[in-house]
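Participant: Here's a sequence, model it:
(3 chains)
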Amino acid sequence: MKRLDPSFYEQPTIELARSLLGQYLVHNHLDGQIVGKIVETEAYLGAVDRAAHSFGGRRTNRTEVMFGMPGHVYTYQMHTHTLLNVVSGPVGTPEAVLIRAIEPIEGQAIIEANRPGIKRFDQTNGPGKLTKALGITMDLYGHSLQHEPLYIIEGESVDFEAGPRVGIPNTGEARDYPYRFFERDNPYVSKFR
DNA sequence: CTGAAGATGCCCT
DNA sequence: GGGCATCTTCAGT
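Facilitator: Modelled structure (predicted):
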C-alpha cells in the first residue's frame, strides 16, 4: 500500500488519466476510511480543449488551482453535486483528470450511509455520485494528494478501453475526442447517455 | 448586485 | 426521455 508520490502526477495528462485506472482513492474522515478503485476517468487538456474550463488559458478563481502544481485537487460544483479532478500538467499548464467512477473496496457501510436507498452499483458510478458516497466536498479545493484526508495509493493494473467524453455537447470537435478511459467490463463504470 | 449557465442525477410519465 | 433541483462562479450592469 504505497502512496503515489508527486512524480506520478507529472506524466502527461492523457497518460495520467490512463495510469489512474486501477489505483485506490482513499478518503479518511470522521466516520472512518473509505477506499475505492478508480475505474473511469476523463482527461481535460486545458488551453487547447474547448470542453475544459481552462480553455484558452482562462484563469479565474475557479480554475486557478489547475495552473498550479499537479497532484492537487480541483473540485467544483455542478448543480447539486461536487465533481472531483486531479490537477495535471506542469505549473502554468491548466490541465486535469476528472474521476468519473470508483469501485468500493473498503468502507461500504459508510458509503451505504451516505447513499441510502441507492442500489449498490448506482452508488459510485458517476462523478457526482462518488463524491457524495465518499463525503468529498468543496472544502477539498486545492488539497494536496500527499496529505490526509484524501490521497491515492498504488492499486492494481487493469484492462481498459477509451471512448468520447460524457456530457459535453456544443463544444465543436472537442466532443469527440477519445479522452474518456474506463476499466473493461467493470460494473461500476458510469452509463452512457 | 443580478442573472445565466453548467464536465449531473433523480424522479416522473 | 424530459423536467428540475439548487449551488457556485463569473460577466455584465
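
Participant: Up against DNA strand C, what does chain A have?
Facilitator: Those residues of chain A that sit near DNA strand C, judged by Cβ under 7 Å from any atom of the strand, are A:58, A:60-63, A:76-77, A:79-80, A:138. The C-beta positions use only the backbone N, C-alpha and C, and glycine is treated the same way.

Participant: Could you work out the most separated pair of these?
Facilitator: Across the residues of chain A next to DNA strand C, the longest distance by Cβ to Cβ is 24.4 Å; it joins A:R58 and A:T80.

Participant: More neighbours: which of those two?
Facilitator: For A:R58 versus A:T80, the count of surrounding residues by other Cβ atoms under 10 Å is larger for A:R58: 14 against 7.

Participant: Would you mind listing the residues in contact with that one?
Facilitator: In this structure, A:R58 makes contact with A:P94, judged by Cβ atoms under 8 Å, 6 or more residues apart in numbering.

Participant: A:V48 too?
Facilitator: Under the criterion of Cβ under 8 Å, 6+ apart, the contact partners of A:V48 comprise A:F55.

Participant: still on that earlier bit, out of the residues of chain A next to DNA strand C, which end up buried?
Facilitator: A:63, A:76 (16 or more other Cβ atoms under 10 Å).

Participant: Mind checking which of the residues of chain A next to DNA strand C land in strands?
Facilitator: By the criterion of DSSP state E, membership of the residues of chain A next to DNA strand C in strands covers A:76-77.

Participant: Skipping adjacent residues, who's closest to the most centrally placed residue in chain A in space?
Facilitator: With distances taken as Cα atoms, centre = their mean, A:I99 lies nearest the centre of chain A, 1.8 Å away. Nearest in space to A:I99, with sequence neighbours left out and distances taken as Cβ to Cβ, 6 or more residues apart in numbering, is A:L84 at 4.8 Å.

Participant: and A:N186, what does it touch?
Facilitator: By Cβ under 8 Å, 6+ apart, A:N186 lies in contact with A:39, A:103, A:158.

Participant: Next, the contact list for the residue nearest to A:I99, please.
Facilitator: Counted by Cβ under 8 Å, 6+ apart, A:L84 has contacts A:73-75, A:98-99, A:127, A:130-131, A:136, A:140.
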